[in-house]
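K.L.:
Sequence first, then the predicted structure:
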Amino acid sequence: MPGKIFYRERQKAVEGKKQPRFKLVAVADTNLKVYGKHLRRSELEQIATAVGAELILLTHGDKKFKDDEVEIKE
């Protein structure tokens with residue numbers, strides 16, 4: 001099973017600004033240390049190719065509950 005690299009789009013990153021747009025969230029089944037917090041998509045793709053990992057974009061869910069009410073499904 002190949003490793004997985006989970007990332008999401010930064011909330012404060014703005015399109016057109018020259019800032020990295022993605023935040024690395026987690027790495028599974030890969031011997032990898034990451035020192036940067038914010039990365040560009042091309043950088044993520046290069047890392048994934050080099051270590052043989054799959055990139056997985058985490059999407060924002062719909063907010064159905066208040067902040068203090070969280071439902072966890074098992």
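P.N.:
Nice, thanks for sending it over. All of these numbers come straight from a predicted model, not from anything done at the bench.
K.L.:
Helix, strand or coil: sort out Gln46 for me.
P.N.:
helix (DSSP: H, G, I helix; E, B strand; the rest coil).
K.L.:
And the pLDDT at it?
P.N.:
Looking at Gln46, its pLDDT is 96.
K.L.:
count of residues packed around Pro2?
P.N.:
Residue crowding around Pro2 was assessed by other Cβ atoms under 10 Å; the count is 12. Just so you know, the C-beta spots here come from the backbone N, C-alpha and C atoms, and that holds for glycine as well.
K.L.:
Next: the one 4 residues further on.
P.N.:
Phe6 has 15 neighbouring residues, counting by other Cβ under 10 Å.
K.L.:
Which of the helices or strands spans it?
P.N.:
strand 3-9 (DSSP states H and E).
K.L.:
in its sheet, what does that strand sit against?
P.N.:
strand 22-28 (antiparallel), strand 53-57 (parallel) (DSSP bridges).
K.L.:
Turn those strands into CSV, columns for distance to Gly3, mean neighbour count and mean pLDDT.
P.N.:
Below are the strands paired with strand 3-9 laid out as CSV (distance: least, Cβ to Cβ, whole Å; neighbours: other Cβ atoms under 10 Å; pLDDT from 0 to 100):
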stretch, distance to Gly3, mean neighbour count, mean pLDDT
strand 22-28, 6, 16, 88
strand 53-57, 4, 15, 93
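K.L.:
Just put the ones you listed in TSV and tack on distance to Ser42.
P.N.:
Formatted as TSV, the entries for those read as follows, by distance: least, Cβ to Cβ, whole Å:
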stretch	distance to Ser42
strand 22-28	10
strand 53-57	11
